[in-house]
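Trainee: Please find the sequence and the predicted model below.
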Amino acid sequence: MTSPVPPSASDAAPLQFDQAEFTEAPPVTKCTVCQRVIKSLYYEVNQRLLCPSCREDVLASMEGGSKLKRFMKASVFGFGAALAGALVYYLVSLSGYNIGLIAILVGWMVGTAVFKGSESRGGRFYQLLAVVLTYFAVAASLAPDVYKEVSEQPVAEAGAESPAEDDEPPSQAVKVVLAGVISVAAPVLVGVNSPISGLIYGFALFEAWRRTRRTELNIAGPFKLADASGAPASEDAAPVPEERTVG
């Protein structure tokens, strides 16, 4: 009877139970949108991996639809953000601090809201809409101070030499209209008298413009995953990758 030959000392790995050792799992390719595992085909959209289903959803969100509906939606969203931004700007000014940087926040709020309303498409038209709404939001935040100045303005100084009965003070409605007209030009007037404030207003408009840039999708594919040997994952012929730009 032959006795089994024990393994040599160099081949026998010592057994240890003090520390757990894990084998590294092979990397799994997942869709960056739905997080599902990609088993075969995938696309690259702006350098992100997408499964075919999510790629179709992204394409559908960028094509078709009603332009009028998007415009109305972007206008409502932008107007709401402009109103809220003007209110925040005015409330901060009541604290006694003139924090011009709030104007940049207003630009960010309006730009983000308009971009959202455009269904994340953006474009030159929405950029103009966001800039106009941001400008009027800043003007609206200055309106209370303008109205106060108009209300406290003495009756026409030139009329001091005229009979008092001919110099009736303007009515409340006239003051409101006059304050409204001056308020529209207030950001420009403030910017001329205070270049720093004018610069901050410019940054606010630029932020609104930047946030609503047109979205461009650079789509490449389809590509086919390769197995460990470098061959395609299935025996089917690999599709020819294409590149296209949407937006």
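Mentor: Alright, I've got the coordinates.
Trainee: What are the buried residues along the strand or helix carrying residue 173?
Mentor: Secondary-structure assignment from DSSP states H and E places residue 173 in helix 172-193. Residues 178, 179, 182, 183, 186, 187, 190, 191 are the ones in helix 172-193 that count as buried (16 or more other C-beta atoms under 10 Å). Yep, even glycine has a C-beta here, placed from its N, CA and C like the rest.
Trainee: could you say what helices and strands the one helix or strand residue 135 maps to packs with?
Mentor: Element membership of residue 135 [criterion: DSSP H and E] is helix 124-152. Contacts of helix 124-152 with other secondary structure elements, assessed using 3 or more C-beta pairs under 8 Å, 6 or more residues apart in numbering; DSSP states H and E, are made with helix 67-94, helix 101-117, helix 172-193, helix 195-211.
Trainee: out of those, deepest packed?
Mentor: helix 101-117 (a mean of 24; mean count of other C-beta atoms under 10 Å).
Trainee: Pull the distance from that helix to the chain's centre.
Mentor: In terms of C-alpha atoms, centre = their mean, to the nearest Å, the centre of helix 101-117 is found 8 Å from the chain centre.
Trainee: Residue 170 belongs to a strand, doesn't it?
Mentor: No. Following the definition DSSP: H, G, I helix; E, B strand; the rest coil, residue 170 is coil and is not counted among the residues of a strand.
Trainee: give me the number of residues near it?
Mentor: By the other C-beta atoms under 10 Å criterion, the neighbourhood of residue 170 contains 15 residues.
Trainee: tell me the contacts of it?
Mentor: Contact partners of residue 170, counting by C-beta atoms under 8 Å, 6 or more residues apart in numbering, are residue 178.
Trainee: Could you list the low-pLDDT ranges of the chain?
Mentor: By pLDDT under 70, the low-scoring segments of the chain are 1-26, 96-99, 154-167, 227-247.
Trainee: swap the cut-off to 50 and go again
Mentor: Counting by pLDDT under 50, the ranges of the chain that qualify are 1-2, 7, 9, 158-160, 235.
Trainee: Identify, by residue count, the longest strand of it.
Mentor: strand 217-224 (DSSP state E).
Trainee: for it, packing partners?
Mentor: strand 41-45, helix 52-62, strand 242-246.
Trainee: Am I right that residue 208 is in contact with residue 134?
Mentor: Yes. Using C-beta atoms under 8 Å, residue 208 and residue 134 qualify as a contacting pair, with a distance of 4.2 Å.
Trainee: who touches both of those two?
Mentor: 107, 110, 111.
Trainee: How far does stretch 74-85 sit from its chain's centre?
Mentor: Taking the mean of its C-alpha atoms, stretch 74-85 sits 14 Å from the chain's own mean (C-alpha atoms, centre = their mean).
Trainee: same thing with stretch 73-83?
Mentor: Its chain's average C-alpha position is 14 Å from that of stretch 73-83, according to C-alpha atoms, centre = their mean.
Trainee: With stretch 140-152 instead?
Mentor: Computed by C-alpha atoms, centre = their mean, the separation of stretch 140-152 from the middle of its chain amounts to 32 Å.
Trainee: Any idea what the closest residue to residue 44 other than its chain neighbours is bridged to?
Mentor: Counting by C-beta to C-beta, 6 or more residues apart in numbering, residue 220 is the residue found nearest to residue 44 once chain neighbours are left out, at 4.5 Å. Legend: beta-bridge partners of residue 220 under DSSP bridges are residue 44, residue 243.
Trainee: what number of residues lie near residue 220?
Mentor: Residues near residue 220, counting by other C-beta under 10 Å, number 14.
Trainee: And for the one 5 residues further on?
Mentor: A total of 14 residues lie near residue 225 under the criterion other C-beta under 10 Å.
Trainee: Could you verify my assumption that it touches residue 37?
Mentor: No. At 10.2 Å, residue 225 does not count as touching residue 37 under the criterion of C-beta under 8 Å.
Trainee: I'm done for today, thanks for sticking with me.
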